[in-house]
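**Student:** Here you go, sequence then predicted model.
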Amino acid sequence: MTATDAPVRASAPGTRAPWYPYLLAFCSGMSVMAVELSASRLVAPVFGSSTYVWTNIIGVILIALSIGYMAGGRLADRRDDLTPLLRLLAGACLWLLALPFVGVPVLRAVAGLLGGVGSSFAYVFLGSLLGILVLFAPPIVVMGMTSPCLIRELARQGRVGASAGRVFALSTVGSVLGTFLPVLVFIPVLGTARTIVVFAGLLLAVVVLGLGLRLRGAGAAAGVMAAAALLPLPALRQTPGLVHAAESAYQYIEVFDRGPLRFLAFNDALGFQTVANRSSPFTGFYYDYYALLPLLLEQPAKRALVIGLGGGIIANQYRYFHPGLAVDGVEIDPAVIEVARRHFELDPATRVFAEDGRIFASRPGPAYDVVVIDAYTNQIYVPFHLATREFFAAVKGRLAPGGLVAMNVSAAREEAPLLQGICASLQAVFPQVYRMRVPGSNDFIVLASARDLSLKAPADGYGPGLAPLADRFARGLVPAPVTGAAVLTDDHAPVERMVDWELLARKVGAPTGGRRP
């Protein structure tokens, strides 16, 4: 056998190539951030993606890394070789490779332990905390052990300060790539589960190399990673009547049917963003009342804006009941726009803008006679920046003279903190604010304008099916009382806390109903 025929081996343990610790630092740092970002997507279908969930993800990762740093320092003092660390890292990689298969069942089991709590603080915060601890803390602790062990390994080469600086620098550069690559490339293209497989497999290949196995062994590990990335993996959630499911850069999207109704839901599916009746222009939900808004104006409405287009049901109803009305829709997620077109038959005449509603409202543009705000995160939370005095002032700047703004607020009672806060914020901008409780639901429609609003029957009648709605709307529309509630501002708008306390109030005795199909 010639020298060229000899099998190529990695350096044996204790005599690894001088560049190997730096490669391991880079890949470990990259994997930590990739796992952290993927964790948010794995958890979202069960517990949502609120700030409570993100707080738990970041907090658990930081605590796990801190424990890992301490444990790694002790291991480095006891053993002056990387082999024990690499064996632990191999186990951590295998743990991560199992997450696409066991992650959601574990999260569902945790949710079952907290069943019946709805989306209250206990369910979202404690449930996601426990799930993240069980699934992600163990491998992250091991990854946290990497830097102390690498620095001890490099200390034998001298220049400890310079070596430690390189370890931290390369680990941080890896973390930067582990932040951008999943969000911009892997999750949109491969999805959450395969993204975890890719980064765990890459780290495993580097670990195999460091354990002194054949280079082809590392290549085999990388090959297994690539094959696993192409294999079918379990869906993040099994929903009866599922029509479409996809992950976007913003959320987990589902379209599913319940009889003649078609629903659009995001993430934890504790509620729904859009519902459409495939056999009628009416949905039976609060959307139907928006069709009456143009009839509140003194002059015929020419242009309407929907912020939070979702599946496009509001835009479609406007096009159906008011054919001469030009409708623009704003939706932050391009994938949702595509869903609206493919699965909810969004009227092609609707102009759609893929951007944040706050940015759109703050930009100069055409004036609208009617502005509808129907934006939600996880179906139940109004994005805080779309519920503040500053936002409503921007919307007012886009209203035509005599125009109105309408917003749905999910609340079980008139005293609900979020309902009162939004009414107070609108009253800080508009002289006239009204509200109407949607019969049989936990929804209030809040209206604001520079002038008095009253429903006016058109000369040719309301149109098919609108008369009963108009009667209930006219009887239920009342001026919003001035309660002295705090105005929501960009600086202080605790929307999620308000919603969670209201949901908890429902569980202990307030009337129920709501947005859940």
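**Tutor:** Structure's in. What do you need?
**Student:** Now do the same contact list for the residue nearest to residue 58 when sequence neighbours are not counted.
**Tutor:** Excluding the flanking residues, the one nearest residue 58 by C-beta to C-beta, 6 or more residues apart in numbering is residue 36, at 7.5 Å. C-beta: built from backbone N, CA, C; applies to glycine. Shown in contact with residue 36 (C-beta atoms under 8 Å, 6 or more residues apart in numbering): 57-58, 61, 136.
**Student:** Phi, psi for residue 36 please.
**Tutor:** Dihedral pair for residue 36: phi -60, psi -50, per degrees, to the nearest 10.
**Student:** now residue 158
**Tutor:** Per-residue torsions, residue 158: phi 90, psi 180 (degrees, to the nearest 10).
**Student:** Make residue 1 into 288 and carry on from there
**Tutor:** Sure, I'll start numbering at 288, so the last one becomes residue 445.
**Student:** number of nearby residues for it?
**Tutor:** If you count neighbours by other C-beta atoms under 10 Å, residue 445 ends up with 8.
**Student:** Okay, residue 638 and residue 647: tell me how far apart.
**Tutor:** 12 Å (C-beta to C-beta, to the nearest Å).
**Student:** Show me which of these two is the more surrounded one.
**Tutor:** residue 647 (19 against 13).
**Student:** got a list of what the more buried one touches?
**Tutor:** Counted by C-beta under 8 Å, 6+ apart, residue 647 has contacts 594, 617, 640.
**Student:** so it is in which element?
**Tutor:** Assigned by DSSP states H and E, residue 647 falls within helix 644-649.
**Student:** that older thread, taking the contacts of residue 647 one by one, which sit in strands?
**Tutor:** 594, 617, 640 (DSSP state E).
**Student:** what about the last one, neighbour count?
**Tutor:** It refers to residue 640. 19.
**Student:** what's it in contact with, if anything?
**Tutor:** Here residue 640 is in contact with 615-618, 647 (criterion: C-beta under 8 Å, 6+ apart).
**Student:** lowest average confidence, helix or strand, in the protein?
**Tutor:** Every helix and strand in the chain was compared by mean pLDDT, DSSP states H and E; the lowest is helix 502-517, with a mean of 55.
**Student:** top helix in this protein by residue count?
**Tutor:** With secondary structure taken from DSSP state H, the chain has its longest helix at helix 370-400.
**Student:** Could you double-check that residue 494 lies in contact with residue 370?
**Tutor:** No: in terms of C-beta atoms under 8 Å, residue 494 does not count as a neighbour of residue 370; the distance is 10.5 Å.
**Student:** Give me the more crowded residue out of these two.
**Tutor:** residue 494 (25 against 15).
**Student:** Quick check: closest non-adjacent residue to residue 387.
**Tutor:** residue 480 (3.4 Å).
**Student:** what's the helix or strand for the one you found?
**Tutor:** helix 479-497.
**Student:** What helices and strands are in contact with that helix?
**Tutor:** helix 307-334, helix 370-400, helix 502-517 (3 or more C-beta pairs under 8 Å, 6 or more residues apart in numbering; DSSP states H and E).
**Student:** rerun that using 10 Å as the cut-off
**Tutor:** helix 307-334, helix 370-400, helix 414-431, helix 447-468, helix 474-477, helix 502-517, strand 529-534 (3 or more C-beta pairs under 10 Å, 6 or more residues apart in numbering; DSSP states H and E).
**Student:** in the last one, what's buried?
**Tutor:** By neighbour count with 16 or more other C-beta atoms under 10 Å, strand 529-534 contains the buried residues 532, 534.
**Student:** Also the third one?
**Tutor:** By 16+ other C-beta under 10 Å, the buried positions in helix 414-431 come out as 414-420, 422-424, 426-431.
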